[in-house]
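Asks: here is a sequence together with a model predicted from it:
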Amino acid sequence: MNEIIINYIHKRVKNLRITIKRDKTVMVQHPLFMDKLLAQQFVSKKMPWIKKHLKDLDSQRRYWGEGDFLYIWGKPYKKKICISSHNQVQIQDDTLQVSVKEQSQIDFAIKKFLRECLKSEALFLLEKWQRETGIKANELRIKDMKTRWGSCNIDKKRIWLNLRLVHYDLKQLEYVILHELMHIVERGHNKRFYSLLDGYMPDWKTSRKILRNQQPL
Ligand SMILES: [Zn+2]
């Protein structure tokens, strides 16, 4: 395994908290009463858990039901799967509670839930950027795409988003939405296109870089 990068943040929190981000950096927030050395000792005991978690990140790209964790808006949730009389997926604190009628429905149930998560945030952000830019899209659709984060059918003014955007920070989703919305007025990736983007979202390159370092699948 590659070197593990751990960032320590000393702040006003009750307990030490370890968060593993999608880009595989590990964030450790430790309370004011706990110094870094003590936090490091604590983290070294948690190393097997951290390593397992990092390994899970790779498998998650293949199946929604695989791996112990699932990322939603950049935050990992531990999956708890149970068999129940009806399908239901919900977030409870740091856990994704997945109830399914049978094992074979896990992937389907999780995917449906993620689609709803993405759709509600995406519609909100699309609304916001339509207001800001005065550009209108007719429709927003979601698809599990293999090679692209988003696309735009310019004639139909229809924006497509990759379902897997739900794993990343909202900032990245916002960038993809703005990017595709811009295509309605500028088809090509030319000077005009980029200067429009610069005007509305000066830090858009950061989001592009994050997404380029990841494969949609
Ligand atoms: Zn484009």
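Replies: Ah, there it is.
Asks: list the buried ones in the top strand by length along the chain?
Replies: Longest strand in the chain, counting residues (DSSP state E): strand 75-83. Neighbour counts over strand 75-83 (16 or more other Cβ atoms under 10 Å) mark 75-77, 79, 81 as buried. C-beta: built from backbone N, CA, C; applies to glycine.
Asks: and Gln130, helix, strand or coil?
Replies: In the three-state summary, Gln130 is assigned as helix, counting by DSSP: H, G, I helix; E, B strand; the rest coil.
Asks: and it, what does it touch?
Replies: Taking Cβ atoms under 8 Å, 6 or more residues apart in numbering, we find Gln130 in contact with 136-137, 181.
Asks: can you select the buried ones among these for me in PyMOL?
Replies: Restricted to buried positions by 16+ other Cβ under 10 Å, the PyMOL selection for these reads:
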select buried, resi 137+181
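Asks: of the contacts of Gln130, which is the nearest to Tyr8?
Replies: Within the set of these, Leu181 lies nearest Tyr8; the separation is 38.7 Å, counting by Cβ to Cβ.
Asks: pretty sure that closest one is in a helix, no?
Replies: Yes - with the criterion set as three-state DSSP, the secondary structure at Leu181 is a helix.
Asks: hmm, it is touching Glu132, no?
Replies: No - if you go by Cβ atoms under 8 Å, Leu181 and Glu132 don't touch, sitting 9.5 Å apart.
Asks: mean confidence for the helix or strand hosting Thr206?
Replies: In this assignment (DSSP states H and E), Thr206 forms part of helix 204-212. Per-region confidence: helix 204-212 scores 92 on mean pLDDT.
Asks: so how far is that helix off the chain centroid?
Replies: Taking Cα atoms, centre = their mean, to the nearest Å, one finds helix 204-212 lying 13 Å from the centre of the chain it belongs to.
Asks: for that helix, name the packing helices and strands.
Replies: When contacts are defined as 3 or more Cβ pairs under 8 Å, 6 or more residues apart in numbering; DSSP states H and E, helix 204-212 packs onto helix 170-183.
Asks: okay, the longest strand of the chain in CSV with CA atoms only?
Replies: Coordinates of the C-alpha atoms in strand 75-83 are reproduced here as CSV (Å, rounded to 0.1, in the frame of the first residue of the first chain):
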residue,chain,number,x,y,z
LYS,A,75,-18.3,11.5,3.9
PRO,A,76,-18.0,7.8,4.6
TYR,A,77,-21.0,5.9,5.9
LYS,A,78,-20.7,2.4,7.4
LYS,A,79,-23.2,0.1,5.7
LYS,A,80,-25.5,-1.9,7.9
ILE,A,81,-27.5,-4.4,5.9
CYS,A,82,-30.5,-6.3,7.2
ILE,A,83,-33.2,-8.4,5.7
